[in-house]
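**Q** Fold the following for me, if possible:
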Amino acid sequence: SVTLLCQPGFLQGRMADVLPQLPPLIAEFLEGRGEGIYHESMPLRADMARAASALLACELTGSLRHLYAEGKAFELLTLSLQALVDAGKEQDHRDSGLTQKDFQRLALARQILERDFLQPPSIANLAREVGINEAKLMKAFKHLYGRTIFDFAQQLRMERAKKLLETTDLSVTDIALEVGYEYSSNFTTAFKRHFGITPKAARDAAR
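**A** From the prediction side, this is the model:
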């Protein structure tokens, strides 16, 4: 179990662009105006589960452990707020005519991508598997989750690669193959585009 505690002032100024998308009570709290209680139950997403597991499994000690915990806590907090934003988008979809069945199909599509991101299905196969037409799947998925299907799977691949760089001694070439790149040069380019640093720099920073 992980509990996050945060003062509103910590996020003031950092969340201005997403406040309109958050539930009103949360937005008011972050602006220092609200004192109400807000409760929301949501599924634990794969990225949140990975961050929580990494936090609980940390073997660092002393000040390094404290810094690591702060970083993972901030990651969990931002992912939780993003989940609230996505929940608001789901409500927008309900208002725009998407059915509960559509939401279930989109959630299933996300689960399939989270499970098979190393070898993601084609759009056609994914649409067929969840029972929705391709155009509707692509448009609704991007609106609901804020990323295209390709970008979503790509993010999972890059996160997997970063984890391997930080926690194993596998070569960059082996990690590139692990996340679906035949050529390490293509992997390095994609990794730098995603994180802003090379795989070697990411490994050095982690160590």
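
**Q** Can you tell me the closest non-neighbouring residue to the residue nearest to the spatial centre of the chain?
**A** Residue closest to the average C-alpha location in the chain (C-alpha atoms, centre = their mean): D47, at 4.9 Å. Distances taken as C-beta to C-beta, 6 or more residues apart in numbering place L79 nearest to D47, at 5.8 Å, with adjacent residues excluded. The way it works is simple: take the backbone N, C-alpha and C, and place the C-beta from them, glycine included.

**Q** Surely that neighbour and R45 touch.
**A** Yes. L79 is within contact range of R45, at 7.0 Å (criterion: C-beta atoms under 8 Å).

**Q** neighbours around the residue nearest to D47, how many?
**A** 16 (other C-beta atoms under 10 Å).

**Q** That one and N125, how far apart?
**A** Remark: distance between L79 and N125 (C-beta to C-beta, to the nearest Å) = 28 Å.

**Q** Please apply the same query to R207.
**A** Relative to N125, and taking C-beta to C-beta, R207 is found at 40 Å.

**Q** of these two, who's got more company?
**A** Set R207 next to N125 and count neighbours by other C-beta under 10 Å: N125 wins out with 12 against 7.

**Q** The more buried one is in what secondary structure piece?
**A** Using DSSP states H and E, N125 maps to helix 123-130.

**Q** what about dumping the CA coordinates of that helix to PDB?
**A** Extracted C-alpha coordinates of helix 123-130, given in PDB (Å, rounded to 0.1, in the frame of the first residue of the first chain):
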ATOM      1  CA  ILE A 123      -4.800  -1.400 -35.700                       C
ATOM      2  CA  ALA A 124      -6.900  -3.800 -37.800                       C
ATOM      3  CA  ASN A 125      -6.300  -6.800 -35.600                       C
ATOM      4  CA  LEU A 126      -6.800  -4.700 -32.400                       C
ATOM      5  CA  ALA A 127     -10.100  -3.300 -33.700                       C
ATOM      6  CA  ARG A 128     -11.200  -6.800 -34.600                       C
ATOM      7  CA  GLU A 129     -10.200  -8.200 -31.200                       C
ATOM      8  CA  VAL A 130     -12.100  -5.600 -29.200                       C
END
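
**Q** who touches the helix or strand following it?
**A** Sequence-wise, the next helix or strand downstream of helix 123-130 (DSSP H and E) is helix 134-145. With C-beta atoms under 8 Å, 6 or more residues apart in numbering as the contact definition, helix 134-145 has outside contacts at 86, 89-90, 92-93, 98, 102, 105-106, 109-110, 123-124, 126-127, 130, 132, 148-149, 152.
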